[in-house]
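> here's my sequence, what's the structure:
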Amino acid sequence: EVQLVESGGGLVQAGGSLRLSCAASGFTFDDYDIGWFRQAPGKERDGVSCIGSSDGSTYYADSVKGRFTISRDNAKNTVYLQMNSLKPEDTAVYHCHLDTPRREYWGQGTQVTVSA
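Residues are numbered from 1 along each chain as shown. Predicted coordinates for the structure are as follows:
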């Protein structure tokens, strides 16, 4: 059974940092790209960042470029999202995402709240 479990969210002041983790199990972790999405209240879920399986290539939404860094540890089956210089508009539930040929999977999410 595929599982994606996020952790590391919390309440932080603007300008602060958080590191999110996504612990994965139930599939061959090394074979798949993993992404982070976020959903703010009343808004659609948006892509934040993604990291490739083979070469570790990365993608960032324009809104987080230069502030967020995604990484993966294949030995630990974990993807990280280091978030620096946080802004109130980063407040959202952050979800880990896996897309396979059969279906896509989502974690339950972790709440990030940035106070002004």
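
> right, and residue 49 touches residue 68 too?
Yes. Shown here, residue 49 and residue 68 form a contact pair, counting by CB atoms under 8 Å, at 5.9 Å. Where you see a C-beta, it was placed from the backbone N, CA and C, and this is true even at glycine.

> who touches both of these two?
Common contacts of residue 49 and residue 68 (CB atoms under 8 Å, 6 or more residues apart in numbering): 60, 81.

> for the residue nearest the centre of the chain, which residues count as its bridge partners?
The centre of the chain sits closest to residue 36, judged by CA atoms, centre = their mean, with a distance of 3.0 Å. Using DSSP bridges, the bridge partners assigned to residue 36 are residue 49, residue 96.

> that one and residue 116, how far apart?
Per CB to CB, to the nearest Å, residue 36 is found 23 Å from residue 116.

> low-scoring pLDDT stretches of this structure, where are they?
Under the criterion pLDDT under 70, no range of the chain is flagged.

> for residue 63, which non-adjacent residue is closest in space?
Nearest residue to residue 63 in three dimensions, chain neighbours excluded: residue 89, at 7.7 Å (CB to CB, 6 or more residues apart in numbering).

> checking my notes, that neighbour in a strand, right?
No. Assignment of residue 89 by DSSP: H, G, I helix; E, B strand; the rest coil gives helix, placing it outside any strand.

> tell me the contacts of it?
Counting by CB under 8 Å, 6+ apart, residue 89 makes contact with 40, 63, 114.

> cool, residue 34 as well?
So residue 34 contacts 22, 24, 50-51, 53, 72, 79, 96-98 (CB under 8 Å, 6+ apart).

> using PDB, write out every CA atom in stretch 79-90.
Output of stretch 79-90 as PDB, limited to C-alpha atoms (Å, rounded to 0.1, in the frame of the first residue of the first chain):
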ATOM      1  CA  VAL A  79      11.500  14.100   0.200                       C
ATOM      2  CA  TYR A  80      12.200  17.400   2.000                       C
ATOM      3  CA  LEU A  81      11.000  20.900   1.300                       C
ATOM      4  CA  GLN A  82      13.100  23.600   3.000                       C
ATOM      5  CA  MET A  83      11.100  26.800   3.200                       C
ATOM      6  CA  ASN A  84      13.000  30.000   4.000                       C
ATOM      7  CA  SER A  85      11.900  33.700   4.100                       C
ATOM      8  CA  LEU A  86       8.300  32.600   4.600                       C
ATOM      9  CA  LYS A  87       5.500  35.000   3.800                       C
ATOM     10  CA  PRO A  88       1.900  35.100   5.000                       C
ATOM     11  CA  GLU A  89       0.800  34.100   1.500                       C
ATOM     12  CA  ASP A  90       2.600  30.800   2.000                       C
END
